[in-house]
Structures are given as C-alpha cells and as structure tokens.
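Novice: The sequence and its predicted three-dimensional model are supplied below.
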Amino acid sequence: GIQVEQSPPDLILQEGANSTLRCNFSDSVNNLQWFHQNPWGQLINLFYIPSGTKQNGRLSATTVATERYSLLYISSSQTTDSGVYFCAVEHPGGSEKLVFGKGTKLTVNP
Amino acid sequence: GAVVSQHPSRVICKSGTSVKIECRSLDFQATTMFWYRQFPKQSLMLMATSNEGSKATYEQGVEKDKFLINHASLTLSTLTVTSAHPEDSSFYICSASSGTYEQYFGPGTRLTVT
C-alpha cells in the first residue's frame, strides 16, 4: 500500500519561531489532508490540499503532487500550536480511506 | 460547520462486558463513516469503513465479531466493543465524510478495560 513519511518526528521551538513540516508519499493521491491533534486527542482539520498552495492565518501548506510531497509551514509559532501534526493521504480508487503518517510532535516553549 | 461528535468521551468497563460508542455528524449527512484506533504516542490505524444501510468493511486483522459497527442513518454510526478485554483499551476515533473527500473527525473516546 501507499507509504506516508513525515519529518521531523519531533520538533522543539521557541515561541515566535517559524517551522516547516514535511510529508512524503509513495504514490499518486486523490486527497491529502493536514491535521493538528491537540493534547486532548481532537484532530483539527488544517488543510485539504491534494495539490497547490493554501494559507490560513499563520499556517500555510503546499503540495507538489508530481513530486509526491507536501509541506506545512507554521510562522510565528505560539504555545497553542503544540501537539502532533499528521499528514494523511487517500490512495486513488475511490475508497476514501486515509493512510496516516506517524506525525510530527511539535513543542513550542514560551 | 462539519462537526462530528462522539459519546462517551471516556469509559471504563470491566473485562467481559460490552461497550457502545456513538459517532454523530451534527451538521451534515455522512455518506461514509470511519473508525480508527490510536495507541499512545502512535498514529491512527483505520479499523473499518461504514456506509449507511450496508455492512461495514473491516481492515485486515480487525475482528468484525469483536468490533461491531452499525451505520443506522446518515448521521449516526456506532462501534460496539464486545466482550472487552484489557488489550482493547485504546483511544477510538471516528470520522465522517459527506462524499467530498475531506474527512472530519470526532473528539475520540478513551476506553479503559479493567
């Protein structure tokens, strides 16, 4: 099946710093989503981005489908950005099943 | 919009009993719902896919007789863990899709079997 690799596995930042999280996938995809899992376990949708670039406030994402990777940018990080960031992709075929990467654990210190 | 709820958020049960977890899409009709399991400090693992009015499709290695899934309506899916054992303790998360590819996730249910 499709493989999803996220890097780095862990990231520690000082408040105000910028960061880039990467997601590589092994095959073409219909769907790619970025999520933030907060300390209580809730997954929050950040971006639905099978291709192109999107921005939402301090966060932006770019997916280069032809090269099979996606990047999540966090600017001016805040302590509330802490948590685990997951990339998930759907393999073509119409099943809508998402395959998750192992996540990047982000810790933002004050 | 696109809110998914789960109930209960936490449950503790004794070994051998059954537990039912509800997943509801509050403001949209979910043609498909998904159930995931997450172990501590690990990623989400898909357990099964359910479509309203039809039998759930289970992923390889998931016991369908232990994890009963019912998708009774376009806004409700239930997961019943039957004859629960301590190894079934985990964080269970549902998601829902309206058919537009994007999935929305519930807040999760933490199950502890004693």
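Specialist: That came through fine. Residues are numbered from 1 along each chain as shown, chains lettered A, B, ... in the order given.
Novice: of all the residues in chain B, which ones are close to chain A?
Specialist: B:2, B:32, B:34, B:38, B:42-46, B:49, B:91, B:93, B:95, B:97, B:101-105, B:107-108, B:110 (CB under 8 Å from any CB of the partner chain). (Glycine included, C-beta is placed from N, CA and C.)
Novice: What parts of chain A come near chain B?
Specialist: For chain A, the residues in contact with chain B (CB under 8 Å from any CB) are A:30-31, A:33, A:35, A:40-43, A:45, A:48, A:50, A:86, A:88, A:90, A:95-103.
Novice: change it to 7 Å
Specialist: Chain A comes close to chain B at residues A:30-31, A:33, A:41-43, A:45, A:48, A:86, A:90, A:96-98, A:100-103, as judged by CB under 7 Å from any CB of the partner chain.
Novice: Which of these fall within strands?
Specialist: When these are checked against strands (DSSP state E), the matches are A:31, A:33, A:43, A:45, A:48, A:86, A:90, A:98, A:100.
Novice: Tell me the one of the residues you listed nearest A:Thr66?
Specialist: A:Asn31 (16.2 Å; CB to CB).
Novice: Burial check on the residue lying closest to the closest one once chain neighbours are set aside, number of neighbours?
Specialist: The spatial neighbour of A:Asn31 that comes closest, neighbours along the chain excluded (CB to CB, 6 or more residues apart in numbering or on different chains), is A:Glu90 at 3.7 Å. Look at A:Glu90: counted by other CB atoms under 10 Å in any protein chain shown, it has 21 neighbours.
Novice: Figure out the helix or strand that A:Ala61 lives in.
Specialist: strand A:59-64 (DSSP states H and E).
Novice: List the contacts of the following helix or strand past that strand.
Specialist: Sequence order places strand A:69-74 as the next helix or strand after strand A:59-64, per DSSP H and E. Defining contact as CB atoms under 7 Å, 6 or more residues apart in numbering or on different chains, one finds that strand A:69-74 is touched by A:18-24, A:32, A:34, A:49, A:58-63, A:81, A:85, A:87.
Novice: sorry, back to before: among the residues of chain B next to chain A, which are in strands?
Specialist: Among these, the members found in strands (DSSP E) are B:32, B:34, B:38, B:44-46, B:49, B:91, B:93, B:95, B:97, B:103-105, B:110.
Novice: Residue nearest the middle of chain B, spatially speaking?
Specialist: With distances taken as CA atoms, centre = their mean, chain B has B:Trp35 as the residue nearest its mean C-alpha position (3.8 Å).
Novice: coming back round to it: just the buried members of the ones in strands among the residues of chain A next to chain B?
Specialist: When neighbours are counted using 16 or more other CB atoms under 10 Å in any protein chain shown, these contain these buried positions: A:31, A:33, A:43, A:86, A:90, A:98, A:100.
Novice: Show the low-confidence segments of chain B, by residue range.
Specialist: The model of chain B has pLDDT under 70 over residues B:1.
Novice: mind running it again at 80?
Specialist: B:1, B:99-101 (pLDDT under 80).
Novice: what about the helices in it?
Specialist: Along chain B, no stretch is classed among the helices by DSSP state H.
Novice: Check the residue nearest to A:Asn31 and give its pLDDT.
Specialist: The model reports A:Glu90 with a pLDDT of 90.
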